[in-house]
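# Sequence and computational prediction follow.
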Amino acid sequence: MTKFDDATQAIKVDDTTYDVCLDAGYTIGTALNGGYLMAVLLRAVVDASPHDHPVATSAQFLRVARPGPATVRLERIRSGRTTTVTRASLVQDGTPFVEAFVTTANLRPYEPGAEPEPGELTWSAPAPPMPPIEECRPLPAPRPESNMPFNSQVELLFDPPTIGWYKGTPTGRPEMRAYFRLAEPQDPDPFVIALAVDALPPVVFSAGARGWAPTVELTWYLRALPAPGWLTVIGSGSLIAEGWFDENVEVRDSAGRLVAQSRQLARLGRG
C-alpha cells in the first residue's frame, strides 16, 4: 500500500458506513485539500458499489474539515446495469463537512494502441499546447511557517508563465498549467485523478489575486482510465466577478488522452 492509498483508506463498518482518518499531510494552511477529501469519499463509494469507477462526482464543501477521525455515510439512490448513483457525506462529530453525489460505472482498462469497438463513435478535442516537461519549473519550496504540507505530497512542474504571479508578474489571465504526479511513485488511478483536478494553485493567482480561495462546489468527470506516468493538468477560468470565480480543469495522461474534466465555483480570496 502506498502512502496515498493509506491516507485515503476507508474501512467498512457496515453497508452504509465507513471509518476514515483524514491525513494532516494534505493540508494547505488550515484546510484539507478538496481533491484529497473527494478521494477519501470515493474510496468508500467505490468499495460499496457494484461498479468500479467514479465517472461523475459533484461535491459541496460545507465547512473546513480538520485532520483526524471522520465517517463517510452512504445512501444508494439508484443502481442499474450500467450505473449506480450514491449520496456520500463526510461527517466529523456528527456534522457534515462534504456532501457529494457520485455516479459509478465500469470503464475499459488502458491498453496501449487499443482501437475503438466496432461501430463506436469517438472524438476528442486536441490537447492544449504544453512545453516539454524539461522546460517546466516547480514553485519554490514554501517557508516552514507557511504550513503547506500538501506540497510535499505531489510534484507539480509548471508552464513558467503561469507562475509569474509568484514573483509579481501575473499574466493577467486566470490560468494554470502543470505536469502532475504523486511525490511517492504511483501510477495514476481514479483516486489520484480526484486529487489532480484540485491540485493546482487557484487560477485567479495568475490574474492577480492572492489569498485563500475556498472551493464551494466542484464537479468532475472521469472520462478514461489513465496510462502510467505524468498527468498534464490544464486550468482556466471564464469569469471573476462579485467575489466569485470559476475554475475549469482538463487532465490528460502520458499518452495525451483526456482522462478527466472538472469545474468548480470558489470564493475570491483576500490577501
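Now that the structure is in, tell me what you want to look at.
# Which parts of the stretch 101-250 of the chain are helices?
190-196 (DSSP state H, counting those that start in this stretch).
# Would you map the strands across it?
Remark: strands assigned in the stretch 101-250 of the chain by DSSP state E, counting those that start in this stretch are 154-158, 175-182, 215-222, 231-236, 240-241, 244-252.
# so where's this protein shaky on pLDDT?
Under the criterion pLDDT under 70, the flagged ranges of the chain are 144-146, 270-271.
# about what we covered before: rebuild the strands of the stretch 101-250 of the chain as JSON lines, extending it with distance to residue 18 and mean neighbour count.
C-beta coordinates here come from the backbone N, C-alpha and C atoms, glycine included. Listed next are those as JSON lines, based on distance: least, Cβ to Cβ, whole Å; neighbours: other Cβ atoms under 10 Å:
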{"stretch": "strand 154-158", "distance to residue 18": "24", "mean neighbour count": "20"}
{"stretch": "strand 175-182", "distance to residue 18": "23", "mean neighbour count": "23"}
{"stretch": "strand 215-222", "distance to residue 18": "20", "mean neighbour count": "20"}
{"stretch": "strand 231-236", "distance to residue 18": "27", "mean neighbour count": "23"}
{"stretch": "strand 240-241", "distance to residue 18": "37", "mean neighbour count": "12"}
{"stretch": "strand 244-252", "distance to residue 18": "26", "mean neighbour count": "21"}
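# for the ones you listed, which one sits closest to residue 96?
Closest of the strands of the stretch 101-250 of the chain to residue 96 is strand 215-222, at 14.5 Å (criterion: Cβ to Cβ).
# Out of the strands of the stretch 101-250 of the chain, which gets nearest to residue 73?
strand 215-222 (19.5 Å).
# okay if I get the strands of the stretch 101-250 of the chain as JSON lines plus distance to residue 7?
Output for the strands of the stretch 101-250 of the chain, formatted as JSON lines (distance: least, Cβ to Cβ, whole Å):
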{"stretch": "strand 154-158", "distance to residue 7": "12"}
{"stretch": "strand 175-182", "distance to residue 7": "10"}
{"stretch": "strand 215-222", "distance to residue 7": "19"}
{"stretch": "strand 231-236", "distance to residue 7": "18"}
{"stretch": "strand 240-241", "distance to residue 7": "33"}
{"stretch": "strand 244-252", "distance to residue 7": "20"}
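# Residue 264 is nearest to which of those?
Between the strands of the stretch 101-250 of the chain, strand 215-222 lies closest to residue 264; by Cβ to Cβ that is 3.9 Å.
# Show residues contacting that closest one.
34, 38, 53-61, 107, 190, 193-194, 197-198, 249, 259-267 (Cβ atoms under 8 Å, 6 or more residues apart in numbering).
# How many residues are close by residue 203?
Per other Cβ atoms under 10 Å, the neighbour tally for residue 203 reads 27.
# Could you verify my assumption that it touches residue 237?
Yes. Using Cβ atoms under 8 Å, residue 203 and residue 237 qualify as a contacting pair, with a distance of 4.7 Å.
# so what sits against both of these two?
174-175, 245, 247.
# Could you work out the end-to-end span of stretch 24-44 for me?
Across stretch 24-44, the terminal residues are separated by 19 Å (Cα to Cα, to the nearest Å).
# mind listing what's buried in that stretch?
Residues of stretch 24-44 classed as buried by neighbour count (16 or more other Cβ atoms under 10 Å): 25-28, 31-44.
# what does stretch 199-207 give?
Along stretch 199-207, these residues count as buried under the neighbour rule (16+ other Cβ under 10 Å): 199-207.
# can you list those in a markdown table and add distance to residue 161?
A markdown table is the format used below for the buried residues of stretch 199-207 (distance: Cβ to Cβ, whole Å):
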| residue | distance to residue 161 |
| --- | --- |
| 199 | 19 |
| 200 | 14 |
| 201 | 14 |
| 202 | 16 |
| 203 | 13 |
| 204 | 15 |
| 205 | 12 |
| 206 | 8 |
| 207 | 13 |
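# Longest helix in this protein, by number of residues?
If you go by DSSP state H, the chain has its longest helix at helix 34-48.
# Sounds good, over and out.
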